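# Have a look at this prediction, sequence included:
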Amino acid sequence: MTEQELAKRIERIFVEEFEIAADRLRPEAHIFGDLGLDSLDVVDLIVALQKEFKVQVRDDERVREIRTLQDLHDYLETLKREQGG
Amino acid sequence: MRTLATIIQNLWFWPLFVFASGVYIGLVGLFMLAVCPFESKRRMERRLRRAISGYGRLIVGCAWPFVRVEYRDLAVGDTDNPVIFICNHRSLIDAFMLAYLPIEGVQITKAWPIRLPVLGGLARLAGYMSVTDLELDELFRRAGSLLDQKVCLGAFPEGTRSDGREMGQFGSAIFRLAKERRATLVPFAISGSERVAVRGSWWLRPGSIRVDKLPALRWVDYRDLSVFKLKNRVREMLISHLQDVEGQ
């Protein structure tokens, strides 16, 4: 999966699951402050990411460090590599 | 520089606030102690919630004529279902604005209001709860039990007051509870409070506050929305209404 494909699939989750307009999904957008998710919404996001990318995210301490969409993108890229995706 | 009106207002309000609070809370306390041996727990809680609403109205009254509050449409029609009032939050005094609603209600707050001496204790006895002190399961259990008894809830999902006209992002806990309990949501728009009580200052300023109850969202109206979409739908309703009211 290319970087662009990964970005597209992340974007689709935010558009379809959270009804956030695509033009707000800039790499530097803060997931909490700009996009309006809170800690409970992040649980829904994790479920959607696990389903979309077939990866195991729950219990991974690195999730706590994610602040922006770029962070999320980088994290998923690393995770796919580690989990052989 | 503070204007003369502001100085007179504060010289008027704060002594009256202390006096009225002391007398009112003292009388309510004595009355509650006198009737509690003869009343059920449920009836005592109802009396206490009404007394707290009465206190809110008293304090708003003490600020008159420097602070005028204008309420629009406070009637709560759909009382067959539990109702959760969703309020925007610009100022410390917003919590008092719910006092005029003709309901039996409790508020879900941060920790400090219910840790206040005396008043915080009464609020805890009345069932007020802190979203920051309780585990989510326990919060849902207590709040759900209140909704089952047709006690309305008031919540400020921004969490922290915004101090200005920009509305903060909403937390989702109260909307998860609403979906779980099929509660009716009533957006409650408060404008002007940010000019009357500014963050970081105990000095009140003269001004008017407008409070509008927006059309209710019943469970059948929102059942197909995700929690995230629901909270943003309510937030957009409040933003749009406040922009109309404030002519932005």
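Right, received. Where do you want to start?
# Check which helix or strand B:Ile108 maps to.
strand B:105-109 (DSSP states H and E).
# What pairs with that strand, parallel or antiparallel?
Using DSSP bridges, strand B:105-109 pairs in its sheet with strand B:129-130 (parallel), strand B:152-155 (parallel).
# quick one, which of those is nearest to B:Thr3?
Nearest to B:Thr3, of all these, is strand B:152-155, at 33.1 Å by C-beta to C-beta. For the C-beta atoms, the positions are set from N, CA and C on the backbone; glycine is no exception.
# hmm, who's touching that closest one?
With contact meaning C-beta atoms under 8 Å, 6 or more residues apart in numbering or on different chains, strand B:152-155 is reached by B:76, B:82-87, B:95, B:98, B:101, B:103-108, B:143, B:146-147, B:174, B:183, B:188.
# mind running it again at 7 Å?
B:82-87, B:98, B:103-108, B:143, B:146-147, B:174 (C-beta atoms under 7 Å, 6 or more residues apart in numbering or on different chains).
# Next one: B:Phe156 from chain A, what distance?
Using C-beta to the nearest C-beta, to the nearest Å, one gets 14 Å for the distance from B:Phe156 to chain A.
# Let's see the pLDDT reported for the closest residue to that residue other than its chain neighbours.
Closest residue to B:Phe156 apart from its sequence neighbours, by C-beta to C-beta, 6 or more residues apart in numbering or on different chains: B:His89 at 4.1 Å. At B:His89, the predicted lDDT confidence score is 94.
# now swap in B:Phe188 and tell me
B:Phe188 is assigned 94 on the pLDDT scale.
# mind checking how far it is from chain A?
From B:Phe188 over to chain A the distance is 20 Å, taken as C-beta to the nearest C-beta.
# okay, the helix or strand hosting that residue in CSV with CA atoms only?
B:Phe188 is part of strand B:184-191, with elements assigned from DSSP H and E. In CSV, the C-alpha atoms belonging to strand B:184-191 read as follows (Å, rounded to 0.1, in the frame of the first residue of the first chain):
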residue,chain,number,x,y,z
THR,B,184,-34.8,13.7,24.5
LEU,B,185,-32.1,16.3,24.0
VAL,B,186,-32.9,20.0,24.4
PRO,B,187,-30.2,22.5,23.3
PHE,B,188,-30.1,25.5,25.6
ALA,B,189,-28.4,28.6,24.3
ILE,B,190,-26.9,31.1,26.7
SER,B,191,-25.5,34.4,25.3
